[in-house]
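> Quick one, structure for this:
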Amino acid sequence: MDDRPPHLSRRSTLASLLGSAVLPFLSRPGLAQSDDRPPVFETARHQFIIVRPSKILPPVSLTDINGKPATLAPTPGKILLVNIWATWCEACRVDLPLLERLQNVAGGRVNVAAVSIDKTDRQQVKRYLQKAAIRALPIYLDPEGRLANKSTDNPGRLPIYGMPLTYLVTPSGRIAGYMAGVADWLAKDGQELLAYYASA
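All right, here's what the predicted structure looks like:
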């Protein structure tokens, strides 16, 4: 008997059967314009919020899950989703697997970077990821808040408005907006939003 939640089982099955066809909207040209009116992407509790004015996300020096220096930066021509999370975040246990599935299915068009803001040692972060069965998602560590923090005196590049929080960075490197809470970017409206920014 399959003990996985039904919606995850269906999505996994669909992805395995259809491959890249799960993302029909990503095959269309991007629609983003200077007036920036993207399609609505929402969950029961949150919706995608546009950041104005839009700013470029510069490369940020962090560390990887093994403690080695790693630079987080947009890849030209690809959307970058930067997910801010922590081991004390219960909702992140649901959000991270969804993002890993997105990375596995749409990795050719979308990069996902999961950034832990934990200040504890990285072994705790590793244990959390093992329990959540996260194996392929690119993980970055930001204990000093270089990329993301809540400080008003010394804010990071990406302000934190809750947890988990996912920023969408366009293929040209601009921070388009963010989605708070757990979000399924493989849902139809999530795909439509990604398609909208695909060439922005």
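
> Now do the strands in this protein.
49-50, 60-64, 69-72, 79-85, 110-116, 139-141, 148-149, 158-159, 165-169, 175-180 (DSSP state E).

> Ok, which of these comes nearest R37?
Closest to R37 of those is strand 49-50 (C-beta to C-beta; 8.8 Å). Heads up, the C-betas are built off the backbone N, CA and C, glycines and all.

> Give the pairing partners of that closest one; include direction for each.
strand 175-180 (antiparallel) (DSSP bridges).

> mean pLDDT lowest for which of the strands of the chain?
Lowest mean pLDDT within those: strand 148-149, at a mean of 88.

> Relative to that strand, what are the paired strands and their orientations?
strand 158-159 (parallel).

> Just checking the distance from the partner strand to the centre of its chain.
Relative to its chain's centre, strand 158-159 lies at 14 Å (C-alpha atoms, centre = their mean, to the nearest Å).

> again with stretch 110-125
Taking C-alpha atoms, centre = their mean, the mean C-alpha location of stretch 110-125 is offset from the chain mean by 12 Å.

> I'd like the strands of the chain laid out as JSON lines, including mean neighbour count and distance to C92.
Shown next, in JSON lines, are those (neighbours: other C-beta atoms under 10 Å; distance: least, C-beta to C-beta, whole Å):
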{"stretch": "strand 49-50", "mean neighbour count": "12", "distance to C92": "19"}
{"stretch": "strand 60-64", "mean neighbour count": "16", "distance to C92": "18"}
{"stretch": "strand 69-72", "mean neighbour count": "15", "distance to C92": "18"}
{"stretch": "strand 79-85", "mean neighbour count": "25", "distance to C92": "4"}
{"stretch": "strand 110-116", "mean neighbour count": "24", "distance to C92": "9"}
{"stretch": "strand 139-141", "mean neighbour count": "21", "distance to C92": "12"}
{"stretch": "strand 148-149", "mean neighbour count": "20", "distance to C92": "13"}
{"stretch": "strand 158-159", "mean neighbour count": "20", "distance to C92": "16"}
{"stretch": "strand 165-169", "mean neighbour count": "25", "distance to C92": "10"}
{"stretch": "strand 175-180", "mean neighbour count": "22", "distance to C92": "12"}
